[in-house]
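*Asks:* no sequence on this one, just coordinates:
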């Protein structure tokens, strides 16, 4: 995620992977069947888009093709708690079975959908709205749509319009996917009412049922992470019944964590900068503290914070990501310090209404 409150992008020290020997199959399938790009052309296409984006956003995740790993689809909650509630469902006769997930070659109806989609967002009834925070090229959004999710219920946000523009070029879906659902700038660190009122994300306050936020929290010190958590709560829909079939409002994702929580020097920066890495308890404590603030204490009836420290292992040919339990050796880095791990989480919130 690019953010104006962070050091300038050019201050990053990053490794650029010049060649792409293989396009991960899960990503390749999207480019083939959703974007219509033949497999033989995909590596060159990805490199060309990456190089163009990198001149404006030279972040490590861009330089090393990390975005080719589809983290949302790998999350344990994806199939049941993200994809299933968002599936496009054709009209069914009484007693018919629910529609099964299916891959769609297109990204939705052709033409301008802005008015229709905004109406759906406003008059949503029980249908959920999904938001991808720090969307980068929008790769997780395209995976959702490819898997059969309703594009009208999917929103994404980043502070970098450049990445969103290159995402449309990468996936070749201009005209099939509404740009109005890519809210930019969307700055999760804003705290003043005046700044928040001007931010694009504000239009989704109180409307989001499922919020995905991966590789965002770990970019910031702890106090700024609390601001991000507070903004997540503002975005969540407040009128979901506690016994709703779809479950309560959900925040899910992952980030770099550590068995010894604390502030760590951001080694990818030329300038002195720290970020906070959580373990299970510090993550729980942060959410408890934010939820206890006066504006939330009387409004939140239940806060369920689940997380785990795991390894993140990607098969670069298949594109699959697995999360094995770390061994004792995995907890120590090469210098004898505390090694980074992957911190995966779900936060479920029930509001009084």
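*Replies:* Perfect, thanks for sending it. Worth saying up front: this structure is predicted, and the values here are computed from it rather than measured.

*Asks:* give me the contact list for the helix ranked longest in the chain.
*Replies:* Taking DSSP state H as the criterion, the chain has its longest helix at helix 39-54. Applying CB atoms under 8 Å, 6 or more residues apart in numbering, the contact partners of helix 39-54 are 16, 19-23, 28, 31-32, 37, 62-63, 65, 68, 137, 162-163, 166, 169-170. C-betas here are computed from N, CA, C, even on glycine.

*Asks:* where does the protein dip in pLDDT?
*Replies:* Scanning the chain for pLDDT under 70 picks out the ranges 1-14, 89-125, 266-273, 334-336.

*Asks:* swap the cut-off to 80 and go again
*Replies:* Residue ranges of the chain with pLDDT under 80: 1-15, 89-126, 242, 266-274, 333-338, 353.

*Asks:* where along it do the helices fall?
*Replies:* 25-33, 39-54, 60-63, 71-74, 84-86, 114-122, 139-146, 161-171, 193-198, 222-235, 280-291, 294-297.

*Asks:* what helices and strands are in contact with the shortest one?
*Replies:* What it means is helix 84-86. Applying 3 or more CB pairs under 8 Å, 6 or more residues apart in numbering; DSSP states H and E, we find helix 84-86 packed against no helix or strand.

*Asks:* which one of the helices of the chain lies closest to residue 332?
*Replies:* helix 280-291 (18.6 Å; CB to CB).

*Asks:* that closest one vs helix 222-235, what angle?
*Replies:* Taking axes from the mean of the first three to the mean of the last three CA atoms, to 10 degrees, one finds helix 280-291 and helix 222-235 inclined to each other by 60 degrees.

*Asks:* one step back: check the offset of the longest helix of the chain from the chain's centre.
*Replies:* Offset of helix 39-54 from its chain centre (CA atoms, centre = their mean, to the nearest Å): 22 Å.

*Asks:* stretch 340-351 too?
*Replies:* 12 Å.

*Asks:* cool, and stretch 290-298?
*Replies:* 25 Å.

*Asks:* from now on call the first residue 45
*Replies:* Fine by me, first position is 45 from now on; the one you just mentioned is stretch 334-342.

*Asks:* quick check: end-to-end length of that stretch?
*Replies:* One end of stretch 334-342 sits 12 Å from the other (CA to CA, to the nearest Å).

*Asks:* same check on stretch 287-301?
*Replies:* 32 Å.

*Asks:* could you find the closest non-adjacent residue to residue 320?
*Replies:* residue 266 (4.2 Å; CB to CB, 6 or more residues apart in numbering).
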